[in-house]
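Chemist: I would like the atomic coordinates for the input below:
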Amino acid sequence: MRELILGGARSGKSRLAENRATEYEARGMSVVYVATAEAWDTEMADRLAHHRAGRPAHRVTVEEPLHLATTLERHAAVDRCLLVDCLTLWLSALLFKGEGGAQLEAGSPLTCARFWAERQALLARLPQLPGEIVLVSNEIGSGVVPENRLARRFADEQGRLNQDVAALCERVTLSVAGLPLSLRG
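Modeler: Numbers count the residues shown, from 1 in each chain. Down below sits the predicted model:
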């Protein structure tokens, strides 16, 4: 089963995903945590350290900011849960490392080959992966329309990605104030 857990900043979505992983462990499955974040500065490094400290020591962590589909394919197994935290940071890396960011800033059509290839690879492989997959993503479209063009384009791409991934998931959950709201499944 695939589950997408959506929520805003500090909504409890990562905690909910960790709880799901613990439930799968109780059923005898191993858990591989797929972390997409990178420490760009000391504040981000502190955030990542906080997340690491909250994970059980016996769980395997794989850090992969760009090649998510390949990483999921490599680690997926019938007796395993893959916990991906999070699609938003993965999308950020794809868009802002290299030509994608320049295209977004210039207001040009997004033609970055790496972005489209990685995005399509995830959507193509996700339904075929064995085992349980829990994906975390930010719901950033519930607020005001961003003030600048770059932020608006990012919000558009994040919304499209969330919609496409949700369409492939048997369960979709929205986390608000630490409370799960089932949207599907």
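
Chemist: strands of this protein, residue ranges please.
Modeler: Taking DSSP state E as the test, the strands found in the chain are 2-7, 30-35, 60-63, 80-85, 132-138, 171-176, 179-184.

Chemist: which stretch among those comes nearest residue 144?
Modeler: Proximity of the strands of the chain to residue 144 was assessed by CB to CB; the nearest stretch is strand 132-138, lying at 15.2 Å. Backbone N, C-alpha and C define where each C-beta goes, glycine included.

Chemist: between the strands of the chain, which has the poorest mean confidence score?
Modeler: Within those, the stretch with the lowest mean pLDDT is strand 60-63, showing a mean of 94.

Chemist: just checking: what are the partner strands of that strand?
Modeler: In the sheet, strand 60-63 lines up against strand 30-35 (parallel) (DSSP bridges).

Chemist: what comes into contact with the strand it pairs with?
Modeler: When contacts are taken as CB atoms under 8 Å, 6 or more residues apart in numbering, the neighbours of strand 30-35 outside the stretch itself are 21, 24-25, 48, 51, 55, 59-64, 68, 71-72, 75, 77, 79-85.

Chemist: thought residue 48 was touching residue 39?
Modeler: Yes - using CB atoms under 8 Å, residue 48 makes contact with residue 39 at a distance of 5.6 Å.

Chemist: by mean pLDDT, which helix or strand of the chain comes out lowest?
Modeler: helix 99-106 (a mean of 63; mean pLDDT, DSSP states H and E).

Chemist: give me the more crowded residue out of residue 48 and residue 39.
Modeler: Applying other CB atoms under 10 Å to residue 48 and residue 39 shows that residue 48 carries more neighbours, namely 15 against 12.

Chemist: pLDDT score for that one?
Modeler: pLDDT for residue 48: 78.

Chemist: repeat that for the one 3 residues further on.
Modeler: Looking at residue 51, its pLDDT stands at 78.

Chemist: list the contacts of the closest residue in space to it that isn't next to it in sequence.
Modeler: Distances taken as CB to CB, 6 or more residues apart in numbering place residue 14 nearest to residue 51, at 6.8 Å, with adjacent residues excluded. Contact criterion CB under 8 Å, 6+ apart gives 51, 85-86, 136 as the residues in contact with residue 14.

Chemist: tell me how far residue 14 lies from residue 43.
Modeler: Counting by CB to CB, to the nearest Å, the gap from residue 14 to residue 43 is 17 Å.

Chemist: using a markdown table, please lay out the contacts of residue 14 together with neighbour count and distance to residue 179.
Modeler: Below are the contacts of residue 14 laid out as a markdown table (neighbours: other CB atoms under 10 Å; distance: CB to CB, whole Å):
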| residue | neighbour count | distance to residue 179 |
| --- | --- | --- |
| 51 | 17 | 20 |
| 85 | 24 | 19 |
| 86 | 24 | 19 |
| 136 | 24 | 16 |
